[in-house]
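1. sequence below, structure please.
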Amino acid sequence: MGYRIAIMGTGAVGAYAGAHMARAGEDVTFIDPWPENVETMKAKGLKVSHIRDVPEWSTPVRALHLTELQHVSKEQPFDIAFVCMKSYDTEWATTMIAQYLSPNGFVVSLQNCMNEETIAGVVGWGKVVGCIASSITVDLCEPGHVRRAAGKSGEKHTVFRTGEVHGRVTERVEEIRRLVALADSALVTSNLWGERWSKLVTNAMANGMSACTGLISKDILRNDTLRHFGARLGSEAIRVGQALGYELEDIHHIDPEVIARAGEGDPAAGRDYDEHRLAEVNKAGGGEHRPSMGQDMVKGRRTEIEFLNGLIFRKGEEIGLPTPANAALTDIVKRVEKGILAPDPKHLLDLRLN
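-> Sure, this is the predicted structure:
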């Protein structure tokens, strides 16, 4: 018997990974709070497109609105629940899906940010697995349609990294690796927390900047001031992660120490950082996407800024490491989100930090 799988939140990442599972014949149920998204999936399935190399395709799926989830109580319970909601929706979403899990069922956090502890507060640490989607560049561009601003990463970059909170390799994380590998390259990691913080740094260097400037990635990286501010954000986040004891992985395919020193003003590291980041955007299609928080701002949605740069600031405060760039960006994004400010690059271009 195969696993019964729930995708709790059919946004960009949940739709992309889950569509590949459904297409491969896995028993997947998609659950989402957006009525138009659910109705489109019911009528037309999920459509998946890529900016290059991969033909567009669609697959029929089983989709439920949140109000329909109660009907699952009449069925066999889920063995695996992927929580793919925004971080601020993690607790209630986990609580909602937990009652439909089998006795040996477990929850996979396939999200940005550090949400495993929140999930464990609902279901217990023994039922928590983490999964990171690295540089996946997807967006739910319309109901029932997920689009990736790239082709497949394949051997060039490992997209999915899944692991146990205790670091051991188990059968269930091998199964999660198999499932997400239906979408793109995947590995099992014994360094979940280091992978999580490294992804947090990656997001902290881009998401909030896009949200408060209105710019896409390539326009941010081609501006010297904004690119260097991104290094400053990353540097602060890396130093906090190191102080917390995390074993960091490469960030933007760069040694984290290079980013940290670049953000601290080291000339040689700064040159290495600039060369690498500019080479990225000079590739075909490089930097053409809008980071997820920038997408949220365009759509008028609440952002995850408190769970990204805000978390870095709070953790820095706890251990006595100042993070003024992350604190300033958090404040600016919150004001743009509330409509006090309009998205504009000048918010960061005019920023003066000691």
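2. roughly how far apart are L351 and A204?
-> From L351 over to A204 the distance is 16 Å, taken as Cβ to Cβ, to the nearest Å. For the C-beta atoms, the positions are set from N, CA and C on the backbone; glycine is no exception.
3. err, S87, not the other one
-> Distance, S87 to A204, using Cβ to Cβ: 13 Å.
4. quick check: closest non-adjacent residue to A93.
-> M85 (4.5 Å; Cβ to Cβ, 6 or more residues apart in numbering).
5. next one: phi and psi at that neighbour?
-> phi -90, psi 170 (degrees, to the nearest 10).
6. V83 too?
-> When read as degrees, to the nearest 10, the backbone of V83 gives phi -90, psi 120.
7. contacting residues around it?
-> By Cβ atoms under 8 Å, 6 or more residues apart in numbering, the residues touching V83 are 8-9, 90, 93-94, 97, 107-111, 115, 119.
8. and it, bridged to which residues?
-> Beta-bridge partners for V83, by DSSP bridges, are M8, S109.
9. any regions of the stretch 201-350 of the chain where pLDDT drops low?
-> Counting by pLDDT under 70, the stretch 201-350 of the chain shows low-confidence ranges at 285.
10. so which residues of it form helices?
-> With DSSP state H, counting those that start in this stretch as the criterion, the stretch 201-350 of the chain has helices at 207-213, 217-221, 224-243, 256-263, 267-281, 292-298, 309-319, 324-337, 346-349.
11. need the contact partners of the second one.
-> What it means is helix 217-221. 206, 209-210, 213, 226-227, 230, 277-278, 280-281, 286-291.
12. show me how far it is from its chain's centre.
-> Taking Cα atoms, centre = their mean, to the nearest Å, one finds the center of helix 217-221 at 19 Å from the center of the full chain.
13. so what are the domain limits for this structure?
-> What automatic domain parsing lists as the domains of the chain is 4-190, 198-349.
14. what about the first one, distance to the chain center?
-> Computed by Cα atoms, centre = their mean, the chain-centroid distance of domain 4-190 equals 12 Å.
15. what about it, average pLDDT?
-> Domain 4-190 shows a mean pLDDT of 97.
16. can you give me the end-to-end span of it?
-> When the termini of domain 4-190 are compared using Cα to Cα, to the nearest Å, they are 26 Å apart.
17. quick check, central residue of the protein?
-> By Cα atoms, centre = their mean, the chain has its centre lying nearest to N112, at 3.3 Å.
18. that residue falls within a strand, correct?
-> No - N112: not assigned to a strand; according to DSSP: H, G, I helix; E, B strand; the rest coil it is coil.
19. surely it meets Y88?
-> No - using Cβ atoms under 8 Å, N112 is not in contact with Y88; the gap is 11.2 Å.
20. name the residues contacting each of these two.
-> Joint contacts of N112 and Y88 (Cβ under 8 Å, 6+ apart) are 304, 307.
21. re earlier: which of the helices of the stretch 201-350 of the chain is buried the deepest?
-> helix 207-213 (a mean of 28; mean count of other Cβ atoms under 10 Å).
22. can you tell me what sits against it?
-> 112, 215-217, 220, 226, 229-230, 233, 290-294, 296-297, 303-305, 308-309, 329-330, 332-333, 336-337, 341, 343-345, 347-348.
23. could you check the distance from the residue nearest to A93 over to I31?
-> Going from M85 to I31 by Cβ to Cβ gives 10 Å.
24. quick check: neighbours shared by the two?
-> In terms of Cβ under 8 Å, 6+ apart, M85 and I31 are both contacted by the residues 8-9.
25. what residues are up against S87?
-> Contacts for S87 were tallied using Cβ under 8 Å, 6+ apart; they are 111-113, 115, 118, 304, 307.
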